[in-house]
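*Asks:* starting from these lines, generate the structure:
(chains A and B)
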Amino acid sequence: MSVLSKIIADSASKSPWIYHINTGSCNGCDIELVAVLTPRYDAERFGFKLTGSPRHADIVVVSGPITTQSEERLKRTLEQVPEPKCVVSLGSCPQSGNVFKGSYSIEGPLEKYVHVDVTVAGCTPKPEAVIEGLYKAAGILKKKREAMKK
Amino acid sequence: MMFPYLPLAIRNFFTRPSTVQFPKVPVEAKKNYRGWLAYDPEKCVNCGMCIKVCSPSAITRTVEPVEGGEKITYEFNMTSCTFCATCVDFCSTKAIHMTENYHMVSEDPKDLVTVGSRIKETKNKNKKLTCGDACVFCTLCAKNCPEEAITVDRAEKKWEVDHSACVKCGICVEKCPKKCLSFEEPAEEKLTCGDDCVFCTLCAKNCPQDAITVDRAEKKWEVDHSACVKCGICVDKCPKKCLSFQ
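*Replies:* Alright, predicted model coming up:
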């Protein structure tokens, strides 16, 4: 491995980029995730950065119960994220459907489509809990990256 | 002024950043924050009201028969909960409460549950020691009690027993010369309706077990004693206050 690619790999592991997808969420969890990136909570201290494209992402944050409309978009988005990736389920909805459980238009849970690495429960989770979840996800990502090297 | 925010900018050089230094400095949730649910199985009477009012059906109950009774397990799934605290409000025995713990992060969602179970004993173990009319207050029972649960006052002609201390060994019953001591089944407290009843059906509507049936036309009030869990919700709801446990 050349010195340059080593530098790139090292710095990439310290700056996991987040892609956020809303699969029919009520917007509560989305607001809290955005709050985490504001100067008040400042998740960028840990290198987290919100990215606009799933192709640049390391961590995928999913909020909302998976609705029929968003199911296809979710699948397509997850396919575009390069390995190693880490999936975080934000709030109660992606895991269980929460109050939307049993609705005709709910396809969830998220576990059906992809392995969920970190679950952050709450309705909505406190920003501190979201930071905790992302921090945990970064650790998992680091382990996955090392496993891939071998 | 040419640079209106210049003094503020200079002042901010010497102040701390407003960022919450979260993982370094632990942050506690504000008072009355609705976080991880806590459940006390000892207080629970298994009425099932929390399951009935839970909108995301986050609460599950399992009943399995064990020796000497039934094992009742309640599971509160935090990955399904909306933290509305309706179950806390409806719990007649205050067995459920919200804690201020917001750290609900895990790699395995199965960790994010609150589970509590208790064994509900079958009724025949609740026998109580009683003294009959033939008592001569000889104090032999009190003298022979290994737990000193019985107190007898010869002068006042009083016989008393501490039911929490009594271990039901039966020594006193054997020693009693008048054979007036006995273990009796306590009278089962049953829900009864008085004469003031207007057959409003409020008790039946609020019963979590649907144990009460009221027929307005026939003016009939009935309760299924095997289904009743004695939660007392109907007694609270009765507008005529004619319901009671007797």
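*Asks:* residues contacting the nearest residue to B:His225 once chain neighbours are set aside?
*Replies:* The shortest distance from B:His225 to any non-neighbouring residue, by CB to CB, 6 or more residues apart in numbering or on different chains, is to B:Lys190 (5.8 Å). Where you see a C-beta, it was placed from the backbone N, CA and C, and this is true even at glycine. Neighbouring residues of B:Lys190 by CB atoms under 8 Å, 6 or more residues apart in numbering or on different chains: B:Val223, B:His225, B:Cys228, B:Phe245, B:Gln246.
*Asks:* ranking by neighbours, what's the top pick from those residues?
*Replies:* Within these, B:Val223 tops the neighbour count with 20 neighbours, counted by other CB atoms under 10 Å in any protein chain shown.
*Asks:* specify the beta-bridge partners of that one.
*Replies:* Assessed by DSSP bridges, B:Val223 has beta-bridge partners B:Ile212.
*Asks:* ok, now how distant is it from B:Cys197?
*Replies:* In this view, B:Val223 and B:Cys197 are 12 Å apart by CB to CB, to the nearest Å.
*Asks:* same check on A:Gly47?
*Replies:* A:Gly47 is 70 Å from B:Cys197, by CB to CB.
*Asks:* for B:Cys91, same thing?
*Replies:* With CB to CB as the criterion, B:Cys91 and B:Cys197 are 27 Å apart.
*Asks:* got phi/psi on A:Glu72?
*Replies:* phi -60, psi -40 (degrees, to the nearest 10).
*Asks:* next one, pLDDT for it please.
*Replies:* A:Glu72 is assigned a predicted lDDT (pLDDT) of 93.
*Asks:* residues near it, how many?
*Replies:* Around A:Glu72 there are 10 residues (other CB under 10 Å).
*Asks:* quick one: it and A:Glu79, what's the gap?
*Replies:* 11 Å.
*Asks:* tally of neighbours for the nearest residue to A:Gly24 once chain neighbours are set aside?
*Replies:* For A:Gly24, ignoring the flanking residues on the chain, the nearest one in space by CB to CB, 6+ apart is A:Thr67 at 3.6 Å. Residues within reach of A:Thr67, counting by other CB under 10 Å, total 18.
*Asks:* so who does A:Thr67 touch?
*Replies:* Going by CB under 8 Å, 6+ apart, A:Thr67 touches A:Thr23, A:Gly24, A:Ser105, A:Ile106, A:Glu107.
*Asks:* and it, bridged to which residues?
*Replies:* Per DSSP bridges, the residues bridged to A:Thr67 are A:Ile106.
*Asks:* how many neighbours does the closest residue to B:Ala58 other than its chain neighbours have?
*Replies:* Leaving aside its chain neighbours, B:Ala58 sits nearest to B:Ser80 (3.8 Å; criterion: CB to CB, 6+ apart). B:Ser80 has 26 neighbours, counted by other CB under 10 Å.
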